[in-house]
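>>> pasting a predicted model and its sequence here:
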Amino acid sequence: MRKVLLIIIILILFAVISSAQEELPVGTPAPAFTATDHQGKTVNLKQSLEKGPVVVVFYRGEWCKHCNNYMHNLQDSLHLINTLGATVVAITPEKNEFIDETIQKTKASFSIIWDQDHKIMDDYRVSFKLSGTKNAVYKIGGINVSKASGSDHRILPVPATYIVGTDGRIKGGYFNTDYTLRMPVKDILEVLNN
């Protein structure tokens, strides 16, 4: 009986943890946020939407080559995104000193926000806790997620992208737990053109 009860508890916990990550459907209101970016500028989603759509990007950190490639691609196409009246805001669990490293590697010139307490990531349902085993493997490889975030919570985001329309609703996006995949810039442009 105790074994059955333990299995049920484990299954319930797994269901709760699994359901924490889920894509926000097109048409739903985007969670509002106000935060300070790496340059000390206040970024308020609602106010930004008064000027045009906002592309909200979640990335894991400067140590993630897939994230760096994507941030570089966004920077390379930033003029195309801006021409359509949109801005880009990236959100990461990493402290500003590590954001600086991302900028050095990618030349990103758009706002990047350190989501210190992962509230924005939680609101967008992209946060997950890195397992102790995976964290140990990362440390062996020279990646210290706790040092980068300034916290022992080991929270990382699914590297999702959301395009938020001026009405405050999600116009399009990409959510995939496979951290090697990202929303192609051409797809972002297509959503912004519609």
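Sure, I can see it.

>>> check which helix or strand the nearest residue to D123 once chain neighbours are set aside maps to.
What sits nearest to D123 in space, not counting adjacent residues and going by C-beta to C-beta, 6 or more residues apart in numbering, is P31, at 3.7 Å. C-beta here means a position set from N, CA and C on the backbone, and glycine is covered the same way. Using DSSP states H and E, no element contains P31; it sits outside every helix and strand.

>>> okay but P31 is in contact with V126, surely?
No: with contacts counted by C-beta atoms under 8 Å, P31 stays clear of V126, the gap being 10.7 Å.

>>> so which of the two has more stuff around it?
More crowded of P31 and V126, by other C-beta atoms under 10 Å: V126, with 27 against 18.

>>> contact partners for that one?
Shown in contact with V126 (C-beta atoms under 8 Å, 6 or more residues apart in numbering): Q21, F58, P157, V158, P159, A160, F175.

>>> measure the nearest residue to the last one once chain neighbours are set aside to G172 for me?
Distances taken as C-beta to C-beta, 6+ apart put E23 closest to F175, at 3.7 Å, once the chain neighbours are dropped. In this structure, E23 and G172 are 11 Å apart, going by C-beta to C-beta, to the nearest Å.

>>> quick one: low-confidence ranges for this protein?
1-20 (pLDDT under 70).
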